[in-house]
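Colleague: sequence and predicted model, in that order:
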Amino acid sequence: MSAPADSRELLKHFSIVFVIALAGYVLLWSLDSNLRNRRAPWEIAFEREPGGDPAIAIKPPAPGGASVRIVFTGEALAATNSPGLVRFDKPRPPLPFGTVIYDDLMYFPGAVTMDFFGHEIELLPTRLGVNRKERAWTPGEVVRLTPDQKPGPRPPDRKRPARKSP
């Protein structure tokens, strides 16, 4: 065989491999994109109770579910903090009150952990975490938290001891 014929055969093989790899990439990317966005992100309504206590209403990502409401009894909210709705479709959205400690929004609805007045609230599709204790999602439930229910400070991260050289 001549050198140009070998070159054409090699180019043909590389082209076929490239087209197969490109088609596989596009297929897997579209499947992953569909998995990431097939469910809705978390939505939290930030509100104020008639008595002035701050509250949040967590809308479940499943359609038709009733919101879970958490009221922070005995906590004060500045007059400048207005009610609002926050969608967790982007990392670390600004909140009307409280802070985001952790969020993993790779696949909606994802996992979100927040701190409100020293109370830790964790949102996962399978459970609700309140002050580092797991609870089942109960649609329509109202959870009232008081200042004396705040968890203690988080334990410091444990560091592994350095290995000793032999």
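Modeller: Nice, I can see it.

Colleague: buried set for stretch 123-136?
Modeller: With burial defined by 16 or more other Cβ atoms under 10 Å, the residues of stretch 123-136 counted as buried are Leu123, Leu124, Leu128, Val130, Asn131. From N, CA and C alone the C-beta is placed, and that goes for glycine too.

Colleague: quick check: mean pLDDT of it?
Modeller: What stretch 123-136 shows for mean pLDDT is 92.

Colleague: do the same with stretch 35-51
Modeller: Mean predicted lDDT for stretch 35-51 stands at 87.

Colleague: now do the same end-to-end measure for it.
Modeller: Counting by Cα to Cα, to the nearest Å, you get 42 Å between the two ends of stretch 35-51.

Colleague: contacting residues around it?
Modeller: For stretch 35-51, contacts defined as Cβ atoms under 8 Å, 6 or more residues apart in numbering pick out 54-59, 61-63, 67, 71, 77, 81, 83-89, 95-97, 105-110, 112, 123, 125.

Colleague: just the closest of the buried residues of stretch 123-136 to Arg144, please.
Modeller: Ranked by distance to Arg144 (Cβ to Cβ), the buried residues of stretch 123-136 are led by Val130 at 10.7 Å.

Colleague: wait, that closest one sits on His119?
Modeller: Yes - using Cβ atoms under 8 Å, Val130 makes contact with His119 at a distance of 7.3 Å.

Colleague: overlap in contacts of those two?
Modeller: Joint contacts of Val130 and His119 (Cβ under 8 Å, 6+ apart) are Leu145.

Colleague: circling back to that earlier point, can you flag the buried ones in the contacts of stretch 35-51?
Modeller: Buried among the contacts of stretch 35-51 (16+ other Cβ under 10 Å): 54-59, 61, 67, 71, 77, 86, 88, 95-97, 105, 108-110, 112, 123.

Colleague: next up, the contacts around the residue nearest to Gly98 when sequence neighbours are not counted.
Modeller: Excluding its sequence neighbours, the residue lying closest to Gly98 (Cβ to Cβ, 6 or more residues apart in numbering) is Phe116, at 4.0 Å. Contacts for Phe116 were tallied using Cβ under 8 Å, 6+ apart; they are Pro54, Ile56, Ile70, Phe72, Glu75, Phe97, Gly98.
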